[in-house]
Structures are given as C-alpha cells and as structure tokens.
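# With the sequence up front, the predicted model follows.
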Amino acid sequence: EVQLVESGGGLVQAGGSLRLSCAASGFDFDDYTLAWFRQAPGKEREGVSMISERDGIINYAAPVKGRFRISSDNVKNIVYLQMNSLKPEDTAVYYCAAGDPYRSWFGVHEYDFWGQGTQVTVSS
C-alpha cells in the first residue's frame, strides 16, 4: 500500500521557519519524483517544489525560491521541505506527492500519490 505521511506543520510568526517531512512507503522511492504542493483556502492547489533524484532535478515555484529548500533521504524514504523567512501568504495546507511527471513538474494531474496534508499557518 502506498503511503505518504506529512508532518511538521504548525503555527509560526512571519519571518520564522518550519521543516516539513514526508515519509513515503509502498513504492520505489528512487524511481519517483517527489513534490510539495500547497492549497490555501479558496485557491487552487499549486506546486511549491519538486525533486527527482533519478533525473538530478530540483525546482521551486517563484514565490518560494530562495526561501524554501527541498531535500530527500533515500535511505529513510523521507522528503523534507525547509521553509525559511515565512510570510503570511505561505499559509496553506501543504501536501506531499509522488509521481512520474512528463509534461509539467508542478502539474497536479501528473502525480499519482498524495498525502493527507499538513497545515501551515503564518501569522503577521
């Protein structure tokens, strides 16, 4: 059974940091692209960052570039998202996803497996 379990969300003041974790199981971690998406109330789900160890590619969405850092531990099958200099507009539910995208690194429909999400709230 494929499982993606996010953790690490919470409430933080603007300018603060959080580290999200996504523990993966039930599939070959090394063969999949892992990504973080987020969805704020009333907005569409959007890609935040992705990592493909197989292809040696890392990407970030423009709003988070320079502030967020994605990494993965291929022994523990965990992908992390270090979020620094957080802003109120980063407030959202953050989702971990796994897939094999070929048209768009941040296309929601490109990803096959999703976690349940973890809430991140940034206060001003």
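Yep, it's here. Numbers count the residues shown, from 1 in each chain.
# Residues in a beta bridge with the spatially most central residue of the chain, which ones?
Central residue check for the chain by CA atoms, centre = their mean: the C-alpha nearest the mean position is that of Trp36, 1.8 Å away. Beta bridges link Trp36 to Ser49, Cys96 when assigned by DSSP bridges.
# ok, it touching Ile51?
No. At 9.1 Å, Trp36 does not count as touching Ile51 under the criterion of CB atoms under 8 Å. Yep, even glycine has a C-beta here, placed from its N, CA and C like the rest.
# neighbours of the closest residue to Ala92 other than its chain neighbours, just the number please.
Using CB to CB, 6 or more residues apart in numbering and skipping the chain neighbours, the partner closest in space to Ala92 is Arg38 (3.8 Å). Residues near Arg38, counting by other CB atoms under 10 Å, number 24.
# same question, Ser124
Neighbour count for Ser124, taken as other CB under 10 Å: 9.
# In contact with it, which residues?
Ser124 makes contact with Ala14, Pro88 under the criterion CB atoms under 8 Å, 6 or more residues apart in numbering.
# Check the gap between it and Glu1 for me.
40 Å (CB to CB, to the nearest Å).
# circling back to that earlier point, what touches both of Trp36 and Ile51?
Residues touching both Trp36 and Ile51 (CB under 8 Å, 6+ apart): Ile70, Val79.
# How about the contacts made by the residue lying closest to Gln39 once chain neighbours are set aside?
The spatially closest residue to Gln39, leaving aside those adjacent along the chain, is Arg45, at 4.2 Å (CB to CB, 6+ apart). Taking CB under 8 Å, 6+ apart, we find Arg45 in contact with Phe37, Arg38, Gln39, Tyr95, Val108.
# which of those lies closest to Ser85?
Arg38 (15.8 Å; CB to CB).
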